[in-house]
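J.: just the structure for this:
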Amino acid sequence: MNSQTPHTFQVDLRGLVDLLSHHLYSSPKVYLRELLQNAVDAITARRAEQPDAPATVRLFTEGGSLRVEDSGIGLTEADVHSLLATIGRSSKRGDGLESARADFLGQFGIGLLACFVVAERIRVVSRSARTPDAAPVEWTARDDGSYTVRTLPDAARTEPGTTVYLEARAGTADWLAHERVLSLARDFGSLLPYDVRVGDAAVTDLPAAWNRTYPGPAARRVALARHCHELFGFTPLDSIDLDVPLAGIRGVAHVLPQAVSPAQRAGHRVHLKGMLLTERAEQLLPDWAFFVRCVIDTDSLRPTASRESLYEDETLAAVREALGERIREWLTSLAAGEPERLAAFLSVHHLGVKSLARHDKEMLRTMLPWLPFETTDGRLSLEEFAQRHPVVHFTRTVEEYRQVAPIASAQGIGVVNGGYTYDADLVEALPSVRAGTAVSELDADTVTAHLDAVDPAAELALSSFLAAARATLDPLGCDVALRAFHPLTVPALHLDDRAARHEQARADAEAEADDLWAGILGSLRGSAPRARLVLNHLNPLIRRVSSLADAELIGTATEALYGQALLMAQRPLRPADSALLNRSFIGLLEWATHPGTGKDSTR
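T.: Now for the predicted structure:
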């Protein structure tokens, strides 16, 4: 037996451990992944030379210690000095193993050092399968940077392979507790290709849920739903197979049962050659596919140095596109043969499909009969709406739609609310996938043009009333027009467009600015149209109000009509608008309670 000879790492190991635990790895739990990874790679290396070699990994816990045994290729004393004691050198670079390198999980050579995140002492006992005559070797290292190497009697380890012993550092003993180790091992290693156990408890659970044989499609759907609930905590609307053989990818995408924001970052589970790489992969799918959560196993994607996320490269970009195509195919198949399931899906996730259809004409064409839109005819697909109306009118904002929808509908004008996310883009794209469809943005001028003009003689008789009304609303940047339209119950309609709103915002800012900014904003004044209050000559209230002769009372009534029209359009009120509503309300109350005090007492 050789005497022990002390050696020293050529780095500050404590500093390196701090770097690993606080900057490279997200949690101390990665220590167990590194142990499993080293064991699996050692077995892979041995089987590359001895295909019939045993393939087992066993983990044993006791108090604040952990023992990990594998039947892998093992190490000689020279290997120990070269690989375990040289930081940054990978144990996968041994002679004769380069050809098998693609089968290894680890690529960065950090290895056992990650275990110092939870251990103060690491002991490795190993026997080489490639040099069976070599004696077992022991490597013992502490977190202060010191280590020893010695050879052991043959009886210390009779079979090839490696045993790693960890002794917990202060405050980390629960990381080596049995239940914690078993939970982490199953999380990281459930898809590993070898027999892995913690004590007598199995870790691996093969084949993967998506690779198993089931009695039929319904049974498979139920099993995948159960698998999703175990992994992600929800029961999916459906599950989509993700099979990309050329990229070595197999897995499943689970459709969320509730709507989510497109801005919400998705967390997907990615296994690399069976080992869990990350459960928070965000860049695996196209942005539009935010309505699914995936779990896949791959042998083609590259991990980052921490092996906790994916390296962004051309391969990942190609995989992202391929997985997106699988989801497209699923949607197309639902549209072709399972409309009820598609309708159930779209009732929750129409936003995601609309996002996809914006950039994919084939998907837009496929989804035209299914995607719901808010219209003046109710909630319809664009296909149904276009069949009813020769011109598909739309608004770009919800506010514009609320202004014009009641009146446009009464005039027989079909309008689509394009104010929701992606809707205006899709309406504008409609002619590209539906030949002969006319699309037109609906603005205030278009609506006004569809309203019936009042007889010139009647409008002339009301000229003094209209002049007083215009004078009242002019400070608010609003004109007054008289038209006849249905429904009769609507006394007044407030119409504006984006240009008018921009001009009003500029005028408001100019009024509140100092002299310098007022001058600058004044120079920006353009010829943008103003908002208008369209009075309905068919409405009985308007007929009574227009017969008033008292200019002050006309002003109060006009302000009340203006405020009511704003509320009907569900427009946000400016401070000036709120003040006007209060003023007109109080003024009308005073007039109602003292009818004889005004210049005109007609009621």
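J.: quick one: low-confidence parts of the stretch 251-400 of the chain?
T.: Of all residues in the stretch 251-400 of the chain, those with pLDDT under 70 make up the ranges 305-309.
J.: helices along that one, start to end?
T.: Taking DSSP state H, counting those that start in this stretch as the test, the helices found in the stretch 251-400 of the chain are 314-337, 339-359, 361-367, 382-388, 398-410.
J.: including distance to Y194, could those helices go into JSON lines?
T.: Using the backbone N, CA and C atoms, a C-beta is placed for each residue, glycine as well. Conversion of the helices of the stretch 251-400 of the chain to JSON lines gives the following (distance: least, CB to CB, whole Å):
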{"stretch": "helix 314-337", "distance to Y194": "26"}
{"stretch": "helix 339-359", "distance to Y194": "39"}
{"stretch": "helix 361-367", "distance to Y194": "42"}
{"stretch": "helix 382-388", "distance to Y194": "54"}
{"stretch": "helix 398-410", "distance to Y194": "58"}
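J.: which of those helices is buried the deepest?
T.: Looking across those with neighbours counted as mean count of other CB atoms under 10 Å, the highest average goes to helix 398-410: a mean of 20.
J.: what's near enough to touch the closest residue to A405 other than its chain neighbours?
T.: By the measure of CB to CB, 6 or more residues apart in numbering, the closest residue to A405 outside its immediate chain neighbours is T376, 5.3 Å from it. Residues in contact with T376 (CB atoms under 8 Å, 6 or more residues apart in numbering) are A405, A408, S409, I413, G414, V415.
J.: can you check A318 too?
T.: Contacts were defined as CB under 8 Å, 6+ apart; by that measure A318 touches A247.
J.: ok, then the element right after the helix or strand hosting R47?
T.: With secondary structure defined by DSSP states H and E, R47 is part of helix 30-49. Going down the chain from helix 30-49, the next helix or strand is strand 56-62, by DSSP H and E.
J.: and the very next helix or strand once past that next one, what's buried?
T.: Remark: after strand 56-62, the chain's next helix or strand is strand 65-70, criterion DSSP H and E. Of the residues in strand 65-70, those buried by neighbour count under the rule 16 or more other CB atoms under 10 Å are S65, L66, V68, E69, D70.
J.: follow-up on the earlier one: save the contacts of T376 as CSV, and put in pLDDT and distance to T448 too.
T.: Written out in CSV, the entries for these read as follows (pLDDT from 0 to 100; distance: CB to CB, whole Å):
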residue, pLDDT, distance to T448
A405, 82, 15
A408, 81, 11
S409, 82, 16
I413, 85, 12
G414, 90, 17
V415, 93, 14
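J.: out of those residues, the closest to A335 would be?
T.: G414 (24.4 Å; CB to CB).
J.: now for that closest one: which residues touch it?
T.: Taking CB under 8 Å, 6+ apart as the contact definition, G414 lies against T375, T376, D377, F385, R388, H389, V391, V392, H393, A408.
J.: likewise L588?
T.: By CB under 8 Å, 6+ apart, the contact list for L588 reads T556, A557, A560.
J.: out of those, who has the most neighbours?
T.: In terms of neighbours by other CB atoms under 10 Å, the contacts of L588 top out with A557 at 25 neighbours.
J.: wait, it sits on D550?
T.: No: the criterion here is CB atoms under 8 Å, and A557 misses it with D550 at 9.5 Å.
J.: the lowest-mean-pLDDT helix or strand in the chain: what's the following helix or strand?
T.: Taking mean pLDDT, DSSP states H and E as the measure, the helices and strands of the chain show their lowest mean at helix 515-523, namely a mean of 49. Moving toward the C-terminus from helix 515-523, the first helix or strand encountered (DSSP H and E) is strand 531-536.
J.: next SSE after that following strand?
T.: Beyond strand 531-536 in the direction of the C-terminus, DSSP H and E gives the next helix or strand as helix 540-546.
J.: touching that following helix from outside, list them.
T.: L462, F465, L488, P491, A492, L535, N536, H537, I554, A557, L561.
J.: quick check: PyMOL command selecting the buried ones in those.
T.: For selection in PyMOL, the members of the contacts of helix 540-546 meeting the burial criterion (16+ other CB under 10 Å) are listed in this command:
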select buried, resi 462+465+491+492+535+536+537+554+557+561
